[in-house]
Structure formats: C-alpha cells, structure tokens
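In: missing the sequence, but the structure's below:
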C-alpha cells in the first residue's frame, strides 16, 4: 500500500516513514504543502497523511485543491491543533479522517488500513490465485490450508503480483508499486524477493505460480 506523508517536522516524518515501512507500506514524504499537492496530483496513492500546519499551503488548502482537481485519495489529517472547529474544517474541505498529536501509532495504522479498505470497495477483500490466498487486512498468506509466513516486503511484493495476476510486470513496475521513491532500490533486489517468495509459496507445494518472462519481468498465474 502506497502512502504519501506530508509533514514538515523532520523527526515525525522520519518516525512515520520508518514505522509505516516496517508495517509493509511504501512511503513517500513531502515537507511543504506545495510539494505535497504536486506529488498527490502526479502520483497514485492509497492514502495520504496530511499535516495541517505546513509551509507553503496549509493542509486545509491542499485538501481542498486535491478535491477540486478530482483527486479522491483518502486523506487523514494530522495536526497539533485540537478542537471541534479544526476537525470540522478539515472534514468540510474533504478530509476522510482526523488525528490530533500526540497520537497512538497503533490507532494511526488501523485508521490508514481502514481508509484504504473503504476506498477499494470494488476490489476483493482477499487476493487469490487458485489456492494461494493473501489477506491484506490480517496480513496472512495461505496455500490451501497451509499458512505461509512472509516478511513485510515479501508480503508487499506478493500483494502487488496478485493484484496484477495474469499480467506481465517489470522490475521497475514492482519497485514503483512496493518501494517508496526515496529508496531507489537496485532492480536486482526484486530478484531477491521473487526468489524468496518462490521458496515459500511454490517450491514446498511443487508449484510454479511465479514465472519469469525472459527480458521483460514476471507473471503470477494459477499453477
């Protein structure tokens, strides 16, 4: 799941990035309202964490500008301000949820997942390819009745492949969908995770669901 964090406090932005990345999110960060507005318009995200007190444009104006431009990515507003009028203003400009600093990190993650789920009502709750099932909510993976333990990034890569099941996806597309823009990982790192996934979801079950399309990329199929 791709998250855009628009937060001018370097310490908080770093904590959010490290924490959300550990939860399996791909996180991009912008420090001003102007830059956040540009990135949210130009790149697709599953959810946006938007501070209100920002340099350039404040969070209210960013939110309003996104909605006026037809960008309906779920927005969770984050602010040190507290009061029902501040919350009401945020929601009136098009925000979907609101948290006041200091906040519970557990609650933040739960709300982000809930916002992303609500924005995907047309998508299946479970991701499937035959008897391979991935649950984005519980973050569990099964092959038939066997539970498969996956690390956070393995889960994210497999989730991306399942969302594009039957399609050929390149290493660059996997990187764009799973890693945040600041990391810029070596494309060979994709091979590392593909190999790890094959050892977990295919080899023990005598399957070949992740296939290599030579010179192009990978395809996940029901095998």
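Out: Yep, that arrived. The model shown is predicted, which means the values in this text are computed figures rather than measured ones.
In: can you give me phi and psi for residue 110?
Out: The phi/psi pair for residue 110 (degrees, to the nearest 10) reads phi -60, psi -40.
In: count of residues packed around it?
Out: Residues within reach of residue 110, counting by other Cβ atoms under 10 Å, total 11. C-betas here are computed from N, CA, C, even on glycine.
In: Residue 103 too?
Out: 12.
In: Surely it and residue 78 touch.
Out: Yes: counting by Cβ atoms under 8 Å, residue 78 is a contact partner of residue 103 at 7.4 Å.
In: worst-scoring helix or strand of this protein, pLDDT-wise?
Out: helix 84-92 (a mean of 58; mean pLDDT, DSSP states H and E).
In: in its sheet, what does the helix or strand following that one sit against?
Out: Later in the chain than helix 84-92, the nearest helix or strand by DSSP states H and E is strand 97-100. If you go by DSSP bridges, strand 97-100 pairs up with strand 75-79 (parallel).
In: what residues does the strand it pairs with touch?
Out: Outside strand 75-79, the residues within contact range by Cβ atoms under 8 Å, 6 or more residues apart in numbering are 7, 47-53, 59, 63, 66, 86, 90, 94-101, 103, 108, 111-112, 115.
In: What ranges does the protein have for its strands?
Out: 2-6, 26-30, 47-51, 75-79, 97-100, 127-129, 132-135, 140-143, 146-148, 168-169, 210-213, 217-220 (DSSP state E).
In: Nearest to residue 18, out of those?
Out: strand 26-30 (8.8 Å; Cβ to Cβ).
In: which strands and helices sit next to that closest one?
Out: With contacts taken as 3 or more Cβ pairs under 8 Å, 6 or more residues apart in numbering; DSSP states H and E, strand 26-30 sits against strand 2-6, helix 10-22, helix 33-42.
In: Could you chop this structure up by domain?
Out: Using the TED database, the domain ranges for the chain come out as 2-121, 127-220.
In: distance between the ends of the last one?
Out: The reference is to domain 127-220. Chord length of domain 127-220, first to last residue, is 12 Å (Cα to Cα, to the nearest Å).
In: same check, this time on stretch 148-155
Out: OK, stretch 148-155 end separation, Cα to Cα: 10 Å.
In: average pLDDT for that stretch?
Out: On average, the pLDDT along stretch 148-155 is 90.
In: Numbering from 56 from now on, please.
Out: Fine by me, first position is 56 from now on; the one you just mentioned is stretch 203-210.
In: ok, back up a step: mean neighbour count, mean pLDDT and distance to residue 202 added to the helices and strands packed on strand 81-85, as CSV?
Out: As requested, those are exported to CSV (neighbours: other Cβ atoms under 10 Å; pLDDT from 0 to 100; distance: least, Cβ to Cβ, whole Å):
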stretch, mean neighbour count, mean pLDDT, distance to residue 202
strand 57-61, 25, 94, 26
helix 65-77, 15, 92, 21
helix 88-97, 18, 93, 37
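In: Next, the buried residues of stretch 233-252.
Out: 233, 234, 235, 240, 244, 245, 248, 249, 251, 252 (16 or more other Cβ atoms under 10 Å).
In: hang on, the second one packs against residue 240?
Out: Yes: checked against Cβ under 8 Å, the pair residue 234 and residue 240 is within contact range at 5.3 Å.
In: If we ignore the residues flanking it in sequence, what's nearest residue 251?
Out: Leaving aside its sequence neighbours, residue 251 sits nearest to residue 209 (Cβ to Cβ, 6 or more residues apart in numbering; 5.8 Å).
In: and that neighbour, how many residues sit next to it?
Out: 20.
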